[in-house]
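Student: what would the 3D arrangement of this be:
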Amino acid sequence: MKKVIIILLMGILPYMGISQSIFDKFEDSDRIGTVTINNGMLKMVTVMMADDKDEDTKDFVELAKSINNIKIFLSEDEGAAADMATTMKQYVRSSKLEELMKVKDGDTNLRFYIKNGKNEDRVEELLMFVTGIDDKGHGGKHHKFETVLLTMTGDIDLTKVGSLTKKMKLHKGLEHLDKE
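Tutor: Numbering: from 1, shown residues only. Presented below is the predicted three-dimensional model:
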């Protein structure tokens, strides 16, 4: 009887919130850089910045409170970039994400996908996929990231994301956020 219970528990555990994301396979790759920011870190940041009087900081704190986690995957490797693109497309289809926006600027392609939330200004998930980034950075440093995949989950206010992204000037293609 104990064996049957153990087998049943092992079968249902993935459906009880212990399952992993399709993108977690990238975390162990030597060809893909990974940044993961979990809810605990986001809560710590919001506590540390809560008393700041700056409006941008207040907006950031409000946004951070609504996010469960952020995962960013970066790669210059063509094979890894192709794997990331294939996995992202599979995930978009299986999760029924809606394409929010597409930007093509030279060799750079930027796509935003969302999973709708409780109203039209909120989403449960925001996925950004960028290919062809070639950044001639500050101080003569040159960064080339073929592919960047970012996924953010929570109860995310799109108006705050657009406003903060524009103020941070992350990428010139993101200027189009207000136009979409």
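Student: now do the longest helix anywhere in the chain: distance to the chain's middle.
Tutor: Criterion DSSP state H: the longest helix present in the chain is helix 78-95. Centroid displacement of helix 78-95 relative to its chain, using Cα atoms, centre = their mean, to the nearest Å, is 14 Å.
Student: now do stretch 89-97
Tutor: Once both centres are worked out by Cα atoms, centre = their mean, stretch 89-97 turns out to sit 14 Å from its chain's centre.
Student: what sits up against it?
Tutor: With contact meaning Cβ atoms under 8 Å, 6 or more residues apart in numbering, stretch 89-97 is reached by 22-23, 99, 113-115, 125, 127. Bear in mind the C-beta positions are built from the backbone N, C-alpha and C, glycine included.
Student: which of these has the largest number of neighbours?
Tutor: residue 127 (24 neighbours; other Cβ atoms under 10 Å).
Student: which residues touch stretch 68-82?
Tutor: For stretch 68-82, contacts defined as Cβ under 8 Å, 6+ apart pick out 21, 23, 26, 29, 31-39, 42, 84, 131, 144-154.
Student: just the buried members of those?
Tutor: Among the contacts of stretch 68-82, those classed as buried by 16 or more other Cβ atoms under 10 Å are 23, 26, 32-34, 37, 42, 84, 131, 145-154.
Student: grab the most central residue of this protein for me.
Tutor: Computing the C-alpha centroid of the chain and ranking residues by Cα atoms, centre = their mean puts residue 151 first, at 2.0 Å.
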